[in-house]
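Colleague: here is a sequence together with a model predicted from it:
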Amino acid sequence: MSLTLNCDLGESFGSWKMGMDEAVMPHIHQANIACGFHAGDAIIMQSTLKLAKEHGVTVGAHPAYPDLQGFGRRSMKCSRTEIIAYIQYQVSAIEGMAKNAGMIVDYVKPHGALYNDMMAQDEVRDAVMEAVSSHHSKPALVLQATPEHDQHLAEAEKYGLKLYFEAFADRCYDDDGKLLSRAKAGAVHTKEKMIAQVKQLCEQGTITTVSGKTLTLQVDTLCVHGDNDAGIQAISEIRALVDA
């Protein structure tokens with residue numbers, strides 16, 4: 001399986017620093033850049049775009065619910081109209097900054113609670129699909145790779161929407177193909193389990209769930225996280241695996 005690596009970046013805000021963007025960027029293919037609703041600001045967006053351009057990294061918008069205080073990790077009861085407007089507003093912000101830098105925004109990957117709600121609730125996912133597909137530049141949408149792959153493709157086809165399906169290097173999976181809740185023990189893999197999961201995906205196109213069940217996933221891109229030196233080292237090793 002041929003995979004790209006994506007990472008959530010540009011999530012600092014003002015004097016508050018989040019992540020190790022400079023160390024991560026040389027190892028990834030795609031940078032999901034925060035658009036100001038959960039993190040990021042004009043200066044951070046501009047500098048992250050510049051960093052991505054220096055390393056030849058494709059950029060995507062990383063929109064969220066309007067929740068700076070909660071880092072976009074709290075679900076919100078938003079109407080369909082609000083979801084569409086919030087996403088298009090944020091995509092337009094990063095897209096305008098990207099255009100100034102001579103770059104394009106290739107895709108949209110929702111953040112945090114908006115991502116989780118999109119995967120769990122049909123009406124939220126449909127609103128997200130409409131928001132992205134009706135945006136003038138027609139970016140792709142990132143969805144989590146699950147056993148419902150064909151259903152999600154059919155949903156996107158109605159909108160003429162391109163999808164990138166993603167898996168997570170450092171997260172344990174439940175038997176239904178969803179991510180194991182962070183509230184449960186073992187939800188986040190050790191480095192050894194993370195490397196083993198990536199190797200299994202690359203070689204067999206499968207993951208092993210929390211109970212030992214084997215699931216086949218059709219994956220285009222792999223989400224990695226790097227906010228410490230050990231995480232950066234792991235990303236480097238994962239890049240070597242996907243490039244092999």
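Modeller: Looks like it came in fine.

Colleague: tell me where the protein has strands.
Modeller: Counting by DSSP state E, the chain has strands at residues 4-9, 30-34, 58-62, 105-108, 140-144, 163-168, 206-208, 214-216, 221-223.

Colleague: dump the residue contacts of the spatially most central residue of the chain.
Modeller: In the chain, the residue lying closest to the centroid (Cα atoms, centre = their mean) is K109, at 4.8 Å. Going by Cβ atoms under 8 Å, 6 or more residues apart in numbering, K109 touches N6, D8, N32, G60, A61, H62, Y115, L141, V142, E166. Any C-beta I mention is one placed from the backbone N, CA and C, and that applies to glycine too.

Colleague: run a quick neighbour tally on S79.
Modeller: 9 (other Cβ atoms under 10 Å).

Colleague: and if you look at M76?
Modeller: 16.

Colleague: coming back round to it: which non-adjacent residue is nearest the residue nearest to the centre of the chain?
Modeller: V142 (3.8 Å; Cβ to Cβ, 6 or more residues apart in numbering).

Colleague: check the gap between the one you found and H149 for me.
Modeller: Distance, V142 to H149, using Cβ to Cβ, to the nearest Å: 14 Å.

Colleague: just T209 next, same as before
Modeller: 16 Å.

Colleague: V198 too?
Modeller: Following Cβ to Cβ, the distance that separates V198 from H149 is 19 Å.

Colleague: re the thing from before, neighbour count for V142 and H149, which is higher?
Modeller: Set side by side, V142 and H149 show more neighbours around V142, with 26 against 18, by other Cβ under 10 Å.

Colleague: show the contacting residues for the more buried one.
Modeller: For V142, counting by Cβ under 8 Å, 6+ apart, the contacting residues are N6, N32, G60, Y107, V108, K109, P110, L163, Y164, F165, E166, T221.
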